[in-house]
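Chemist: Any chance you could fold what I've pasted below:
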Amino acid sequence: VRVKWVEGQRGPGLVRSRLVCMQFNFSLRGDCFAGTPPLVLVKCILSRAASLGQDRVVGIWDVSCAFLHAKMDEVLFLRLPESLCPPGYRGRCLSALYGSRRAGLLWGEEVAVQLKKRGFKRSRGCGQLYWYEHEGTLVVVLVVHGDDFFAEGKRKDIDWLGTVLDACFETKLKAIIGAGADRAGEFLHRRISFVMGRGFEYQPDGRHVVQVAEELGISEASSVPTPWVVGANQSPDALDLVGSEEQKLYSSSVGSMIYYSIDRVELQWTVRSLAKTLSAPTELCMQRLRRLVRYCLGTLHYVLLFGFQHNPRHLDIFADADWAGDARDRKSVTCGVMLLGKHQLESYSAGQQVIALSSGEAEFYSCTKAIAHLLFLLYVLKEMRVVYRGRCFSDSSAARGMLGRLGSGKVRHIHTRFLWVQERLR
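Modeler: Residues are numbered from 1 along each chain as shown. Next up is the predicted model:
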């Protein structure tokens, strides 16, 4: 396998050089997948810190050369540069070198081995979630995303966790956020701040918005009050296809907005509508993209507030559907927002796979997806002996009626693969 040096600017006058191998995917393998935790777990940990008292803090660590802590478990030879190896020789890879196909998986398993040795338990529902119990009390909750660690607990417990991580890996403490500690820190490029007397603030990564605005040439444009306008006046060439260069710009810009909208509930419907036109964008699509970016530029300071609250008893999700809203294929759109008390944990906007023949059917499909999201988090929390009662809210009486009975009833054309939710509610 060939290798190369990858260099990146890490700060003023500081360049990091990393030796990586280039092991290409020439065959299908099922032993290379390394998952990452969903953001809903990160927000759930943040919500827990704000719900169990004002003495809770959040800790963020980074592991240096994380993958190299794991050992390579297969025979892999490297074509090293002449400065590292005599001519005609090859080097054998003993550690999980960056760029090897199993590096991410081996690093994840190394984390599991080291933490389990020290009494941590690993979630079966999400392999990147760990927790530590003492005398039946949940002390620390930890989530691992690549080489970044994010944990919640009391200050003395977070300090103890830091010593554990230092004993296992070469770590760097980025921040301990909370009362009597740091006021802010970054995790996955999201800024997490502590506001005395209020709670924690979660600010999405806005760098992609600024970059897209520069590429579109609208960095100095004024902001607009909404990301989308229905029925706006169209220019005569609004339906003309854009050129090849503009199409590349449109695709990359929409991709950046998809990433940004994960944390912004009011953008998700608009971004989804723009993403549907990636194959053949028109001038109207470019106009809508510019409007979306202008709205985002004016709202970069928006944050999710995880305010102090009493530990709630219910985990709620609100489901809704836009029935046959797309005039081209008449498929409905599903949306949902999950709340733990007053804290927003997750939101989404997704197209339905089948064509619903009534608004009640569309709402039923929307509730089915919402309950699936709800059950996942309930199951993961139950592993840690954190029990909430799940509730799904819908404004459709027809959907609630279909959820409450057993079988399709008079709606015989409904897809049976969605009827599992009826048994779960019994």
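Chemist: distance of residue 132 from residue 115?
Modeler: 8 Å (C-beta to C-beta, to the nearest Å). (Each C-beta comes from the backbone N, C-alpha and C, glycine too.)
Chemist: Mind listing what's buried along the longest helix along the chain?
Modeler: Longest helix in the chain by number of residues (criterion: DSSP state H): helix 359-383. Of the residues in helix 359-383, 359-371, 373-374, 376-378, 380-381 count as buried by neighbour count, 16 or more other C-beta atoms under 10 Å.
Chemist: still on that earlier bit, what touches both of residue 132 and residue 115?
Modeler: Taking C-beta atoms under 8 Å, 6 or more residues apart in numbering as the contact rule, residue 132 and residue 115 both touch residue 142.
Chemist: Residues contacting stretch 348-366, please?
Modeler: 268-269, 271-272, 276, 319-324, 326, 329-336, 369, 373, 394-396, 398-399, 401-403, 411, 413-415, 418.
Chemist: What score does residue 360 have for pLDDT?
Modeler: On pLDDT, residue 360 comes in at 87.
Chemist: same check, this time on residue 189
Modeler: What the model reports for residue 189 is a pLDDT of 93.
Chemist: In the protein, where is pLDDT below threshold?
Modeler: Across the chain, the ranges flagged by pLDDT under 70 are 231-236, 407-413, 415-418, 423, 426.
Chemist: all helices of the stretch 201-350 of the chain, in order?
Modeler: Secondary structure of the stretch 201-350 of the chain (DSSP state H, counting those that start in this stretch): helices at 207-216, 244-261, 268-275, 283-298.
Chemist: who touches the nearest residue to residue 342 once chain neighbours are set aside in this structure?
Modeler: Distance criterion C-beta to C-beta, 6 or more residues apart in numbering; nearest residue to residue 342, sequence neighbours excluded, is residue 309 at 5.8 Å. The contact partners of residue 309, by C-beta under 8 Å, 6+ apart, come to 50-51, 199, 341-343.
Chemist: Of those residues, which pair is most distant in space?
Modeler: 199 and 341 (11.1 Å; C-beta to C-beta).
Chemist: Need the contact partners of the helix or strand containing residue 192.
Modeler: Here residue 192 sits within strand 190-195, counting by DSSP states H and E. Residues from elsewhere that reach strand 190-195 (C-beta under 8 Å, 6+ apart): 46, 58, 60, 175, 177-179, 181-186, 200-205, 263, 303.
Chemist: What's the ChimeraX line that selects buried ones from those residues?
Modeler: Buried members of the contacts of strand 190-195, defined by 16+ other C-beta under 10 Å, are picked up in ChimeraX with:
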select :46,58,60,175,177,178,182,185,200,201,202,203,204,263,303
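Chemist: Quick check: bridge partners of the residue lying closest to residue 369 once chain neighbours are set aside?
Modeler: Nearest residue to residue 369, sequence neighbours excluded (C-beta to C-beta, 6+ apart): residue 334, at 5.3 Å. Assessed by DSSP bridges, residue 334 has beta-bridge partners residue 321, residue 350.
Chemist: wait, residue 334 sits on residue 321?
Modeler: Yes: counting by C-beta atoms under 8 Å, residue 321 is a contact partner of residue 334 at 5.5 Å.
Chemist: and residue 66, what does it touch?
Modeler: When contacts are counted by C-beta under 8 Å, 6+ apart, residue 66 touches 107, 146-147, 169.
Chemist: correct me, but residue 335 touches residue 321?
Modeler: Yes: assessed by C-beta under 8 Å, residue 335 is found in contact with residue 321 at 7.3 Å.
Chemist: and these two? which has more neighbours close in?
Modeler: Between residue 335 and residue 321, counted using other C-beta atoms under 10 Å, the more crowded position is residue 321 (27 against 20).
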